[in-house]
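Peer 1: Quick check, what structure comes out for this input:
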Amino acid sequence: MYYTYILKCNDGTLYTGITTEIERRVKEHNGEFSGGAKYTRARKPVVVVYYKEFPSRAEASKEEYRIKQLTKKEKQKLISAKTC
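Peer 2: Numbers count the residues shown, from 1 in each chain. Predicted structure coming up:
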C-alpha cells in the first residue's frame, strides 16, 4: 500500500508527499530518523493532517500531483473534509 499525505509544518505551511509507512516518514520529517525532506527540516515539528491509501505508487503519485496543484485554501478544505 502507498499513502499520499499532507503535513502541517510548525510555521503553518503544508507539505505533500507519498510513502509506504506514514509513521516512519513523519519521524524522518521530524528528524528522529534520517531521510526527511529538506523543506521540513527547518519547519519542525510536523504533524499529519491528511492521508489517503492507494494500491499502487502510480495512483498515489497522481494524487500527490493533484494535491500539489491546489491552492492552500483548497488543501485546507480537503483536510477538513477528511480528518486523520
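Peer 1: Stretch 9-29 spans what distance, first to last residue?
Peer 2: 10 Å (CA to CA, to the nearest Å).
Peer 1: what comes up buried for it?
Peer 2: By neighbour count on 16 or more other CB atoms under 10 Å, the buried set for stretch 9-29 is 9, 14-19, 22, 25-26, 28-29. Quick note: C-beta positions are derived from backbone N, CA and C, even for glycine.
Peer 1: contact partners of that stretch?
Peer 2: Contact with stretch 9-29 is made by 1-8, 33-37, 39-40, 43-49, 51, 57, 60-61, 63-64, 67-68, 72, 75-76, as judged by CB atoms under 8 Å, 6 or more residues apart in numbering.
Peer 1: which residues touch G36?
Peer 2: The contact partners of G36, taken as CB under 8 Å, 6+ apart, are 28-30.
Peer 1: Would you double-check that it falls in a helix?
Peer 2: No - under DSSP: H, G, I helix; E, B strand; the rest coil, G36 falls outside any helix and is assigned coil.
Peer 1: can you offset everything so residue one is 677?
Peer 2: Done: numbering now begins at 677, and the last item shifts to G712.
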